[in-house]
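1. Need a 3D model of the following:
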Amino acid sequence: MKTLAYLILYGFLLVVISHRISGQDDPKKTDTIQFRVEGVCTMCKTRIENAVMIKGVKFAEWNKESHMLTVIFRTGKVDQTELEQAVAEAGHDTENEKASENAYNKLPGCCAYRDHVNTH
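-> Prediction:
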């Protein structure tokens with residue numbers, strides 16, 4: 001009976017140790033995501049990239065033509081929802097977060113993407 005209990009305990013410890021070694025709890029693990037962010041110009045690009053540079057983000061680049069934002073971030077520090085919220089707070093709509101009217105209205109006139117301003 002004691003042998004069986006030890007085997008079960010040993011198996012459990014083996015699973016826990018292998019889980020930790022696999023890196024799933026590694027706070028330095030990074031991931032890369034892309035999501036759509038509305039904007040029209042170089043000023044938008046700067047604002048979007050700066051907005052998403054919150055704790056845990058290592059790299060951010062917004063493509064003006066495709067409207068796609070690429071972000072490399074630490075998975076234990078930040079997630080996509082927080083990233084999209086940060087962009088929306090800066091006045092830019094994302095796939096899942098819409099900027100408030102107040103945040104959008106603070107954008108310069110040339111950045112008014114909802115008003116069908118062309119990319120420039």
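2. For this protein, which segments count as helices?
-> Assigned by DSSP state H, the chain shows helices spanning 2-21, 42-51, 80-89, 101-105.
3. least reliable of these going by mean pLDDT?
-> Lowest mean pLDDT within the helices of the chain: helix 2-21, a mean of 55.
4. Quick check: buried residues in stretch 91-109?
-> Across stretch 91-109, burial judged by 16 or more other CB atoms under 10 Å covers G91, H92, D93, T94, E97, A99, A103, Y104, L107. Every C-beta, even on glycine, is put in place using the N, C-alpha and C of the backbone.
5. what residues are up against A88?
-> Counting by CB atoms under 8 Å, 6 or more residues apart in numbering, A88 makes contact with T94, E97, K98, A99, S100, A103.
6. One more: N50?
-> A90.
7. next one: the one 4 residues further on
-> For I54, the contacting residues are V78, E82, L83, A86, taking CB under 8 Å, 6+ apart as the criterion.
8. Pull the number of nearby residues for the first one.
-> Counted with other CB atoms under 10 Å, the neighbours of V78 add up to 18.
9. so how far is L69 from it?
-> Computed as CB to CB, to the nearest Å, the V78 to L69 distance reads 14 Å.
10. and if you look at T42?
-> For T42, the distance to L69 - CB to CB - is 15 Å.
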